[in-house]
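K.L.:
Sequence plus the predicted model coming up.
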Amino acid sequence: MDYPLLNAFMTMLWFFLWVMWFVLLFRIIGDVFRDDSMSGWGKAGWTIFVCVVPFLGCFVYLIARGRGMGERDRRQMQEQEQAFRSYVQQAAADTPAPTGPSHTDELIRLAGLHDHGDITDAEYEQAKAKVLASH
């Protein structure tokens, strides 16, 4: 099995270039369909051009419309962030605020007072019964 290190390096280089090529191709196709200002015929034309003549299509697309790709990405991310923020604000507004300490919190507080010796056993049992009765 004779496979020199340089050949292994070249194989990996070609593999990574091939992966990068597909990432670029999918990014361009995604950008074509993300652009709301482009008509349906324009989207179909660019898609066909990029799929039929991939190298030339991608390079021409990057030259002709590459500047707006980042702008469209930024705008979409801002819209998604705004939608997320409005959803969180709406969800927070719909959730009722707690009115006070829960029964569990009250029992934990009483146990802490009892453990530190701030209240006697009788006082602890009486307060615990009162909390449990209000539940």
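P.N.:
Thanks, I have it. Residues are numbered from 1 along each chain as shown.

K.L.:
Could you look up the SS state of S37?
P.N.:
coil (DSSP: H, G, I helix; E, B strand; the rest coil).

K.L.:
Distance of it relative to V19?
P.N.:
31 Å (CB to CB, to the nearest Å). (C-beta placed from N, C-alpha, C; glycine too.)

K.L.:
next one: L107
P.N.:
L107 is 58 Å from V19, by CB to CB.

K.L.:
who has more neighbours, the two?
P.N.:
Neighbours of L107 and V19, each counted by other CB atoms under 10 Å, are more numerous for L107; the result is 16 against 10.

K.L.:
In terms of helices and strands, where is that one?
P.N.:
helix 103-116 (DSSP states H and E).

K.L.:
With K43 instead?
P.N.:
helix 40-52.

K.L.:
tell me which element the residue at the greatest distance from the centre of the chain falls in.
P.N.:
In the chain, the residue that sits farthest from the middle, by CA atoms, centre = their mean, is A122; the gap is 53.7 Å. Using DSSP H and E, A122 sits within helix 121-134.

K.L.:
Report the buried residues of that helix.
P.N.:
For helix 121-134, burial by neighbour count (16 or more other CB atoms under 10 Å) applies to Y124, A127, V131.

K.L.:
What lies in contact with that helix?
P.N.:
Applying CB atoms under 8 Å, 6 or more residues apart in numbering, the contact partners of helix 121-134 are H103, E106, L107, L110, A111, L113, H114, I119.

K.L.:
Determine the set of other helices and strands touching the helix or strand G70 falls within.
P.N.:
Using DSSP H and E, G70 sits in helix 54-94. If contacts are counted by 3 or more CB pairs under 8 Å, 6 or more residues apart in numbering; DSSP states H and E, helix 54-94 sits against helix 5-34, helix 40-52.

K.L.:
would you list those in CSV and tack on distance to V60 and mean pLDDT?
P.N.:
Formatted as CSV, these follow (distance: least, CB to CB, whole Å; pLDDT from 0 to 100):
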stretch, distance to V60, mean pLDDT
helix 5-34, 10, 92
helix 40-52, 7, 93
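
K.L.:
nearest to R75, of these?
P.N.:
Closest to R75 of those, according to CB to CB: helix 5-34, at 9.1 Å.
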